[in-house]
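> Model the structure of this input:
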Amino acid sequence: MNQLSGMLSIRNIGRVQSMAEATEASLVDKQYLEELVLEWRVQTCGWRMVENEVFEGLHPPSRIVRLRVECFGGDVAPSWFKPESLPKCEKSASFTVSLTQLVLWEVGIEELTTLADGVAMEASSSGGHSPLPSLASLRLFSCRKLTNLDHFLRPQYLPFIKSIEIVWCTSLLSMPVSSFEGFVCLQDLKIHSCWKLVCPSEAIVLPPSLQRLSICYCGELDKSFRPACLENLASLILVQLEGCHNVEVVALNCISTSVRCLVLRHCSELASIGGSQAALSSIQHVDISDCPKLVEVQQPLLNQGLSMPRDKELHTFLQYTW
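Model prediction:
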């Protein structure tokens with residue numbers, strides 16, 4: 001069984017009763033696996049301690065590239081998720097070194113600082129090296145107990161991240177928006193339905209590499225959104241703002257001519273798009289509706305110009321794709 005390769009999906013982990021039973025799977029010895037899906041679904045009588053112990057026993061192999069965790073009901077990340085817990089001789093073999101994609105779906109952990117603390121410690125002791133050097137995609141969906149990402153969403157921890165999606169994390173209060181500028185490889189940023197996000201004290205700063213931006217129904221996060229944050233984004237092709245009730249201006253004259261998709265919906269305070277009708281008509285796909293103060297545009301305005309096969313990816317990004 002240790003010769004298994006490709007993807008391995010394990011379901012109904014909630015039926016596993018102990019760490020010893022989980023360890024019998026010997027996942028750590030299956031060195032040819034590239035993708036691992038751990039799915040609880042059936043909860044273990046609601047006992048967080050049992051959930052935590054079982055997760056501890058499911059140590060993935062060091063060469064794993066993609067990890068997806070679904071419906072984990074515990075509240076503590078396993079020690080193998082913390083680089084500082086590994087013996088010095090094992091740190092280079094940690095699965096976090098090769099990991100390129102991390103998906104947490106309905107995971108009960110309240111903070112990712114358990115992982116981030118280890119990253120920070122390791123980065124400091126190794127002269128700046130990150131134990132997550134390959135992570136390119138981070139997706140957090142319906143992690144309803146997650147409250148804080150301030151100590152995780154940092155460029156020094158995720159130096160080559162390309163895609164960040166945070167959806168339905170309804171208890172999330174804080175994230176370090178001013179550090180986003182340091183994600184020099186970031187192409188996709190999607191933050192949806194995180195209603196409790198409080199207003200950060202600083203403006204959101206986006207990296208020039210950004211191609212697609214989607215912020216929808218995210219509490220006070222939109223207070224950090226300034227017209228200038230879309231300037232100098234030469235690669236930007238999609239902008240989606242929905243339920244952003246604190247956004248007053250979206251300056252089309254500051255947005256790159258490369259933008260092909262613009263969606264503005266349910267933005268109650270949006271009063272100006274700061275550009276001519278000609279600038280608006282040059283965008284392939286435009287969807288503007290339910291912005292009562294935006295009198296310069298007749299609403300609803302819908303121009304569906306994304307009809308080519310190459311546009312399928314943009315359509316997918318606009319939707320919940322979980």
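> Report pLDDT for residue 42.
Note on residue 42: pLDDT of 55.
> ok, now residue 83?
51.
> And for the one 3 residues further on?
Predicted confidence (pLDDT) for residue 86: 42.
> Over to the one 3 residues further on?
Residue 89 is assigned a pLDDT of 38 by the prediction.
> cool, residue 73 as well?
For residue 73, the model assigns a pLDDT of 86.
> a strand runs through it, doesn't it?
No - if the criterion is DSSP: H, G, I helix; E, B strand; the rest coil, then residue 73 is coil and not within a strand.
> Neighbours of it, how many?
Using other CB atoms under 10 Å, the number of residues around residue 73 comes to 24. Heads up, the C-betas are built off the backbone N, CA and C, glycines and all.
> measure it to residue 66 for me?
According to CB to CB, to the nearest Å, residue 73 stands 22 Å off from residue 66.
> Show me the strands in the chain, by range?
Taking DSSP state E as the criterion, the chain carries its strands at 6-10, 33-39, 66-70, 101-105, 137-141, 163-167, 188-192, 212-216, 238-242, 261-265, 285-289, 301-303.
> Adding mean pLDDT, distance to residue 203 and mean neighbour count, write those out as a markdown table.
Below are those laid out as a markdown table (pLDDT from 0 to 100; distance: least, CB to CB, whole Å; neighbours: other CB atoms under 10 Å):
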| stretch | mean pLDDT | distance to residue 203 | mean neighbour count |
| --- | --- | --- | --- |
| strand 6-10 | 94 | 41 | 13 |
| strand 33-39 | 95 | 38 | 18 |
| strand 66-70 | 94 | 33 | 19 |
| strand 101-105 | 94 | 28 | 20 |
| strand 137-141 | 96 | 22 | 20 |
| strand 163-167 | 97 | 18 | 21 |
| strand 188-192 | 97 | 15 | 20 |
| strand 212-216 | 96 | 13 | 22 |
| strand 238-242 | 96 | 15 | 22 |
| strand 261-265 | 95 | 19 | 21 |
| strand 285-289 | 94 | 24 | 19 |
| strand 301-303 | 91 | 28 | 13 |
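> Any chance of these in a markdown table with distance to residue 156 as columns?
Output for the strands of the chain, formatted as a markdown table (distance: least, CB to CB, whole Å):
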| stretch | distance to residue 156 |
| --- | --- |
| strand 6-10 | 31 |
| strand 33-39 | 26 |
| strand 66-70 | 21 |
| strand 101-105 | 17 |
| strand 137-141 | 15 |
| strand 163-167 | 15 |
| strand 188-192 | 18 |
| strand 212-216 | 23 |
| strand 238-242 | 28 |
| strand 261-265 | 32 |
| strand 285-289 | 36 |
| strand 301-303 | 42 |
